[in-house]
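Colleague: have a look at this prediction, sequence included:
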Amino acid sequence: MIQIERKAGCLLAAGICGALLAITVPVGLAQTETSKKKAKPKPEPTSAELFAYIRGALLEYSPDDRINDNLEVTIDPTATVLTIRQPDGHCDIFLSALDANTISWDVYDASDSMATRQPLARLTVVSVAGKNARSCYDVDNQVDPTVKTNRARLLFSWEKIPDGSGVQAKMTRALKKLIALSGGSAEKDIFTKP
């Protein structure tokens, strides 16, 4: 009789230990599995997505002074020529000729001797040596010889850009990526040691 009680006690103890192991092992595995899972990296934006952002910002924050207004923004099928139409004509910006390392922002006073205008945020990008950054045309589609061709400029209404919106940083990143995808000179850190 003692052997039967001993066997029953051992079986009961083995059953309890097995049940505890069955509960704790999956919990431990579940914790290990979740900690091993990494978030999938966000896919890089396409040329079309970058253009959509740039176009949207140029139109939403366009100056309304009847001179520097961004009336329409288009891109050619090869995604290398950005065209910005303004009241006095249009400019074709050659993305494949731009150097992403040269993007800069400044505040531009659009006033002239005839009228005082609100300040504009101006993004400037210089072309790679030996290439034209842009060609500008008047309303009759004649080349405007007074426009410098070694730099491209995008104009925004300073007053329309909300404080803290990060539009300048986002626009800079989007333009740098679009330049690289279009065959222009991609951004590089030229001051780091090899």
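Modeller: Happy to help now that I have it.
Colleague: residue 109 and residue 119, how far apart?
Modeller: In this view, residue 109 and residue 119 are 6 Å apart by C-beta to C-beta, to the nearest Å. Every C-beta, even on glycine, is put in place using the N, C-alpha and C of the backbone.
Colleague: which of those two has more residues huddled nearby?
Modeller: More neighbours surround residue 119 than the other of residue 109 and residue 119, with 15 against 11 (other C-beta atoms under 10 Å).
Colleague: the nearest residue to residue 122 once chain neighbours are set aside pairs with what?
Modeller: Leaving aside its chain neighbours, residue 122 sits nearest to residue 108 (4.1 Å; criterion: C-beta to C-beta, 6 or more residues apart in numbering). Beta-bridge partners for residue 108, by DSSP bridges, are residue 120.
Colleague: quick one: contacts of the host helix or strand of residue 180?
Modeller: For residue 180, the enclosing helix or strand under DSSP states H and E is helix 167-181. Helix 167-181 is contacted by residues 44-47, 50-51, 53-54, 57, 61, 79, 95, 98-100, 103, 105, 121, 123, 125, 154, 156, 161, 185-187 when judged by C-beta atoms under 8 Å, 6 or more residues apart in numbering.
Colleague: tell me the buried residues in it?
Modeller: The neighbour-count check on helix 167-181 (16 or more other C-beta atoms under 10 Å) flags 167, 171-181 as buried.
Colleague: could you give the average pLDDT over that helix?
Modeller: Average pLDDT, helix 167-181: 96.
Colleague: kindly report the same for stretch 81-88.
Modeller: Mean pLDDT, stretch 81-88: 97.
Colleague: buried sites along that stretch?
Modeller: Result for stretch 81-88 [16+ other C-beta under 10 Å]: buried residues 81-82, 84-86.
Colleague: reformat the residues you listed into CSV and put distance to residue 139 and secondary structure next to each item.
Modeller: Output for the buried residues of stretch 81-88, formatted as CSV (distance: C-beta to C-beta, whole Å; DSSP: H, G, I helix; E, B strand; the rest coil):
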residue, distance to residue 139, secondary structure
81, 19, strand
82, 19, strand
84, 14, strand
85, 10, strand
86, 10, strand
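Colleague: which residue is nearest the centroid of this structure?
Modeller: Central residue of the chain (C-alpha atoms, centre = their mean): residue 174, 2.9 Å from the mean position.
Colleague: so which strand or helix has residue 153?
Modeller: Assigned by DSSP H and E, residue 153 falls in strand 151-157.
Colleague: which residues does stretch 136-146 contact?
Modeller: Contact partners of stretch 136-146, identified using C-beta under 8 Å, 6+ apart, comprise 88-92, 135, 147.
Colleague: show me this structure divided up by domain.
Modeller: The chain breaks down into these domains under automatic domain parsing: 1-38, 47-181.
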